[in-house]
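Novice: Okay, sequence plus prediction incoming.
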Amino acid sequence: MRYPHKPVLAREAADLLVYDPEGTYVDGTAGSGGHSEVLASLLAAGGRLICLDRDPDAVSLTSRRMLSFGDRVLVLQGSYAHLDRHLETLGMMRVEGILLDLGMSTHQLERSGRGFAFSRDEPLDMRMDPGRGETAAEMLNRLPIRDLERIIRTWGEDRRARRIAGAIVRARKRSPIETTRQLASLIESLSTPGRRRGRIHPATRTFQALRIAVNRELDHLAEFLEKAPSLVNKGGRLVILAYHSLEDRMVKQAMRRWENPCTCPPDIPRCVCNRPPLFRSLRKKGIKAGADEVRQNPRARSAVLRAAERI
Ligand SMILES: C[S@@+](CC[C@H](N)C(=O)[O-])C[C@H]1O[C@@H](n2cnc3c(N)ncnc32)[C@H](O)[C@@H]1O
């Protein structure tokens with residue numbers, strides 16, 4: 001079977017994560033199972049891989065793809081933010097390594113029919129787990145203008161956030177916004193022709209912002225980063241791939257804090273809080289995909305991979 005999603009920096013991520021082939025690892029964002037397949041191929045007979053995804057389609061795709069690995073691989077539906085609970089139900093507290101490949105998959109974008117892309121006309125759903133929470137359309141038609149503006153500005157990093165939020169509120173008074181085409185056309189109509197010829201479509205940032213808001217992606221990441229030190233065994237690894245500057249900043253800051261958790265005021269001569277470091281970074285800087293990979297897989301362009309080892 002052909003899988004539309006090409007895993008980014010797959011070899012680098014797997015080599016940094018799997019330091020003990022007999023260990024237990026988690027792929028917290030299984031998607032189409034691209035990274036999972038590479039991770040599982042590095043495991044010995046005693047090694048285990050737990051694959052997790054919020055999206056039931058991702059769970060089916062990964063389950064099918066991982067069949068040949070037999071009972072060394074377990075695929076579950078759920079959020080990596082609740083990994084502690086998933087491990088507990090399996091009778092575990094900690095693992096040797098966790099991989100997160102944030103954002104959405106090509107499958108979600110191109111084949112889910114849930115309105116992640118504006119290139120097709122689909123209902124504006126955008127939930128990764130369609131069994132939970134409010135759809136993008138419900139959110140768009142309910143939120144006050146201030147909240148819409150904040151979401152588009154913060155998570156879409158779009159300077160036209162106020163104009164777009166205003167246009168959404170005016171349009172929904174006439175009739176509710178229900179489809180990707182309705183929203184994309186509305187945003188297109190605000191752009192000057194010069195802007196329309198620009199590199200990205202004028203609706204790109206709003207769609208990204210809505211997806212992040214609907215799925216509360218940064219909340220899930222923050223919850224996971226809070227728990228991560230208690231989920232990884234000593235010597236174990238954490239590898240995170242981020243595609244959005246806000247997500248990457250959260251990961252970078254967490255890794256810095258873990259490496260240097262001292263909370264003493266900078267003007268005292270030596271540390272008295274005695275907080276021990278929790279992780280050490282495995283690379284000083286984030287790893288980026290090379291030109292060849294970006295040519296073959298444009299999604300890799302914005303990826304930053306960060307890795308740390310539990311002390
Ligand atoms: C970039 S894709 C992963 C692709 C995967 N690494 C592969 O090679 O096929 C991101 C995946 O993370 C999932 N996801 C996003 N937030 C999640 C969360 N909080 N918990 C679990 N899965 C999540 C999405 O549903 C999506 O399938």
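Specialist: It's in. Given the structure is predicted, the values throughout are model-derived calculations rather than measurements.

Novice: By proximity to the ligand, which residue of the stretch 201-311 of the chain wins?
Specialist: residue 220 (3.7 Å; C-beta to the nearest ligand atom). All C-beta atoms are positioned from the backbone trio N, CA, C, and that covers glycine.

Novice: which helices and strands does the helix or strand harbouring residue 16 pack with?
Specialist: Element membership for residue 16 (DSSP states H and E) is helix 10-17. Judged by 3 or more C-beta pairs under 8 Å, 6 or more residues apart in numbering; DSSP states H and E, helix 10-17 is in contact with helix 34-41, strand 95-101, strand 232-242, strand 304-310.

Novice: Deepest-packed of these, please.
Specialist: When the helices and strands packed on helix 10-17 are scored by mean count of other C-beta atoms under 10 Å, the highest mean neighbour count falls to strand 95-101 (a mean of 25).

Novice: contacting residues around whichever helix or strand comes after it?
Specialist: Proceeding N to C from strand 95-101, the next assigned helix or strand is helix 106-111, under DSSP H and E. Applying C-beta atoms under 8 Å, 6 or more residues apart in numbering, the contact partners of helix 106-111 are 3-6, 31-32, 55, 57-58, 61, 114, 116-117, 128, 299.

Novice: you'd agree residue 17 is up against residue 239?
Specialist: Yes - Residue 17 is within contact range of residue 239, at 4.8 Å (criterion: C-beta atoms under 8 Å).

Novice: and for those two, which residues touch both?
Specialist: Common neighbours of residue 17 and residue 239 (C-beta under 8 Å, 6+ apart) are 97, 98, 99, 307.

Novice: Is the last one bridged to anything, and to what?
Specialist: So that's residue 307. residue 239 (DSSP bridges).

Novice: The first one now?
Specialist: According to DSSP bridges, the partner residues bridging residue 97 are residue 25, residue 237.

Novice: Sketch out the low-pLDDT regions of this protein for me.
Specialist: 193-198 (pLDDT under 70).

Novice: how about the residues of it that lie near the ligand?
Specialist: Contact residues (C-beta under 6 Å from any ligand atom) of the chain with the ligand: 5, 7, 28-29, 31-35, 52-55, 58, 79-81, 101, 103-105, 128, 217, 220.

Novice: Could I get the contacting residues of residue 279?
Specialist: 229, 238, 255, 258, 259, 308, 309, 310, 311.

Novice: Repeat the analysis, applying 7 Å as the threshold.
Specialist: 238, 255, 258, 259, 308, 309, 310, 311 (C-beta atoms under 7 Å, 6 or more residues apart in numbering).

Novice: I'd say the last one and residue 281 touch.
Specialist: No - in this structure residue 311 lies outside contact range of residue 281 using C-beta atoms under 7 Å: 11.0 Å.

Novice: Those two: who's more crowded?
Specialist: Using other C-beta atoms under 10 Å as the criterion, residue 311 and residue 281 rank with residue 281 on top: 17 against 13.

Novice: Contact partners for the residue nearest the centre of the chain?
Specialist: The centre of the chain sits closest to residue 102, judged by C-alpha atoms, centre = their mean, with a distance of 1.9 Å. Counting by C-beta under 7 Å, 6+ apart, residue 102 makes contact with 29, 221, 241, 242, 243, 247.

Novice: helix/strand/coil for residue 269?
Specialist: When classified by DSSP: H, G, I helix; E, B strand; the rest coil, residue 269 comes out as coil.

Novice: Repeat that for residue 280.
Specialist: The local conformation at residue 280, judged by three-state DSSP, is strand.

Novice: Contacts only, for it.
Specialist: Going by C-beta under 7 Å, 6+ apart, the list of residues near residue 280 reads 259, 308, 309, 311.

Novice: Counting neighbours, what do you get for residue 148?
Specialist: By the criterion of other C-beta under 10 Å, residue 148 has 26 neighbours.

Novice: Same check on the one 5 residues further on?
Specialist: Burial of residue 153 is recorded as 18 neighbouring residues (other C-beta under 10 Å).

Novice: Show me what the strand or helix carrying it is packed up against.
Specialist: Following DSSP H and E, one finds residue 153 within helix 145-156. Using 3 or more C-beta pairs under 7 Å, 6 or more residues apart in numbering; DSSP states H and E as the contact test, the elements touching helix 145-156 are helix 161-174, helix 204-214.

Novice: Of the ones you listed, flag the one that's most buried.
Specialist: Ranked by mean neighbour count, these are led by helix 204-214 with a mean of 23 (mean count of other C-beta under 10 Å).

Novice: quick check: angle from that one to helix 145-156?
Specialist: Relative orientation of helix 204-214 and helix 145-156, computed by axes from the mean of the first three to the mean of the last three C-alpha atoms, to 10 degrees: 110 degrees.
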